[in-house]
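*Asks:* after the sequence you'll find the predicted model.
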Amino acid sequence: MKKLASTLAVILSISLVSDVYALPDRIGDFALLDSEGEFHQLSRYRHQKALVLMAYDSSCASIDSALSQFQALQSAFAEQQVSFLLINSSSHSDLDVLRAQQAAFGFDVSLLVDNGQLVSETLSFSNAGELAILDPERLAILYRGEAEGKAAEVLNTELNGSVDSTTLQPVSGCELQYPAKQMHADTVPDYESDIAPIIAEQCASCHREGGIGPFALDSHLMLQGWSPMIREVLLTKRMPPTQVDPNIGHFSNARYIPDEDLQKLVHWIDAGAPKGLAVTDPLAALEFPDRRDWQLGVPDYVITAPRHEIPATGVLDYINVDVPLPFEEDKWVKAVQYIAGDESVLHHLLTYVTAPAEVVQGEAATVNTATRFLEGYAPGKVDAMTFPENTGVYIPEGHKLSMQFHYTTNGRATSDETVLGLYMYDEPPAYENFTQSVSGMFRIPPYTQDHEASARYVFNDDVVVTGLRAHMHFRGKDMKFSAEYPDGTMVDLLSVPNYSYAWQPTYALDEPMHLPAGTRVHVTGAFDNSEHNPANPDPSKELTFGLQSWDEMFIGYWTYHSAEPTN
């Protein structure tokens, strides 16, 4: 009996210790755009002690009462380190309708748009009006229930110390419906017919042997092994890369992924990523051309840049190289492809068409009218660039190419010998391609999380815009391109709500935009120089324009041609 009593005492003490040191339930990181196109990510709220989310569904009869409770809680903690957001958890939504409903709330709050319901599912919201209090630092849920329940008590505990377990309370709001989740629970998406085609279209061209992705997704086994990470990067919108706000403009090379495909992928992963009855593996059968091959066939003219030796460490100045051209007549370039010698150290390469005595320095912040920007290589930019139909870059007879190389060391000595291929028109095209850089001055204070910047430029002639590119460095947060017509009308062309230094494509407009003479174009954006920016090398620095990666830039590139044919 004594031995049994002693054993029970040990078990009881272990249970008590477990209760004392219990931790809140963990949740995965996630990100969504709100109704105004602003980017929100849970882990980027680490400057706050808590993030409060409430599930919103306009069709629920009790949602107005829940909004009143939510507003009261928000007001009570207005001066505290607590952020408040609504999330549209309905299975059906229209952005214009959501914006109209939000305008009628009567208080200021952002409304996250969860069209695929995947974040609402991850948070296990079951009822409209349900509240979740999240810890952005621990990626944990502290409370789930109604706003009038123990929400204030949990927030006060977290503000004054740390909540050590998750509090759950019943919610009386309308039950949320998850039709896609239910459908995929009844019939799990099939690897061969549902999942592999999505991976082939969205991922495999980079995630393949010899590709620029860090691992290959070339079989079911590889996909299953990486599935937890795939789920995380999908829900945080890190992948597919080059995502833009889908409600502003439309671009042929933006990585739009339908909500239905996201639901299939995430629900398949949640089901254990099964192979099902597939006899053959579609991903294993995929074939891709070598990324070092010429994508458009053998170029008309190939330029091999001088070999540059890159040391293992240190800071390297920009290297400017002039390359003479043998052309005895004017030429027009139709397409360009760079093949980097060592992309691990080639930070960027810019190429200009210049007159014999002309010198180009800097990163095209300002160039004179004789300079023509040909094309550039930047992180993640591996595809050949074809100019719009019947449009090309003009190379006058006797002109040369000026190439600017920027290298960053990576701890390993190497060499780079980059090759440039030019594809020419047989006959002059109707339009000449130009690129206008629109840049502004700025001074970013240390530890500033949302430092705004802007720049503008006026087109004095009618032009047709065909492409846009955002360029900042590690502190870049977001950038938007807008046009102000002579009559004062404003239109947004492109929004990059979560800028990534690793992805800087020229976004090609599906439908080129005609801008009349006198149109003022605006580039607006923000920097995150805080310690909560995971890419920030040093938040203590005050920053202005500088050439190195740890400095900053704010440039919006506008690719265009004249509205009237030049030839």
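*Replies:* Happy to help now that I have it.

*Asks:* C-alpha from now on. contacts and neighbour counts both.
*Replies:* Will do.

*Asks:* okay, now the unreliable bits of this protein?
*Replies:* Applying pLDDT under 70 to the chain picks out residues 1-22, 360-371, 379-381, 567.

*Asks:* can you list the domains in it?
*Replies:* Using automatic domain parsing, the domain parsing of the chain gives 23-177, 181-270, 301-428, 435-562.

*Asks:* these: which one's closest to Thr280?
*Replies:* Across the domains of the chain, Thr280 has its closest neighbour in domain 181-270 (8.1 Å, C-alpha to C-alpha).

*Asks:* start to end distance for that closest one?
*Replies:* Separation of the first and last residues of domain 181-270 by C-alpha to C-alpha, to the nearest Å is 10 Å.

*Asks:* now do that domain: distance to the chain's middle.
*Replies:* Relative to its parent chain, domain 181-270 has a centroid offset of 15 Å by C-alpha atoms, centre = their mean, to the nearest Å.

*Asks:* follow-up on the earlier one: now the domains of the chain as TSV including distance to Phe288 and mean neighbour count?
*Replies:* Output for these, formatted as TSV (distance: least, C-alpha to C-alpha, whole Å; neighbours: other C-alpha atoms under 10 Å):
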stretch	distance to Phe288	mean neighbour count
domain 23-177	31	18
domain 181-270	7	17
domain 301-428	13	17
domain 435-562	21	19
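
*Asks:* could you dump these to a markdown table with distance to Asp293?
*Replies:* Conversion of the domains of the chain to a markdown table gives the following (distance: least, C-alpha to C-alpha, whole Å):
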| stretch | distance to Asp293 |
| --- | --- |
| domain 23-177 | 37 |
| domain 181-270 | 12 |
| domain 301-428 | 8 |
| domain 435-562 | 20 |
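
*Asks:* and of the ones you listed, who's closest to Ala285?
*Replies:* Comparing those under C-alpha to C-alpha, the one sitting nearest is domain 181-270, at 8.1 Å.

*Asks:* and the gap between the residue nearest to Gly272 when sequence neighbours are not counted and Asp281?
*Replies:* Excluding the flanking residues, the one nearest Gly272 by C-alpha to C-alpha, 6 or more residues apart in numbering is Gln224, at 7.9 Å. Noted for Gln224: a distance of 13 Å to Asp281, by C-alpha to C-alpha.

*Asks:* hmm, back to that, wait, a helix at the residue nearest to Gly272?
*Replies:* Yes - counting by DSSP: H, G, I helix; E, B strand; the rest coil, Gln224 is part of a helix.

*Asks:* which residues touch it?
*Replies:* Going by C-alpha atoms under 8 Å, 6 or more residues apart in numbering, Gln224 touches Ile269, Gly272, Ala273, Pro274.

*Asks:* what do you get if the cut-off is 10 Å, keeping everything else the same?
*Replies:* Residues near Gln224 by C-alpha atoms under 10 Å, 6 or more residues apart in numbering: Leu217, Ile230, Trp268, Ile269, Gly272, Ala273, Pro274, Lys275.

*Asks:* Met441: which of those residues is nearest?
*Replies:* Met441 lies nearest to Ile230 out of the contacts of Gln224, by C-alpha to C-alpha, at 38.4 Å.

*Asks:* what's in contact with the helix or strand harbouring the closest one?
*Replies:* Assessed by DSSP states H and E, Ile230 sits inside helix 227-235. Helix 227-235 is contacted by residues 28-32, 41, 118-119, 122, 221, 223-224, 236-241, 257, 262, 265-270, 272-273 when judged by C-alpha under 10 Å, 6+ apart.

*Asks:* against which helices or strands is the helix or strand following that helix packed?
*Replies:* Note on helix 227-235: by DSSP H and E, the next helix or strand toward the C-terminus is helix 259-270. Where contact means 3 or more C-alpha pairs under 10 Å, 6 or more residues apart in numbering; DSSP states H and E, helix 259-270 is packed against helix 118-122, helix 179-186, helix 196-202, helix 220-225, helix 227-235.
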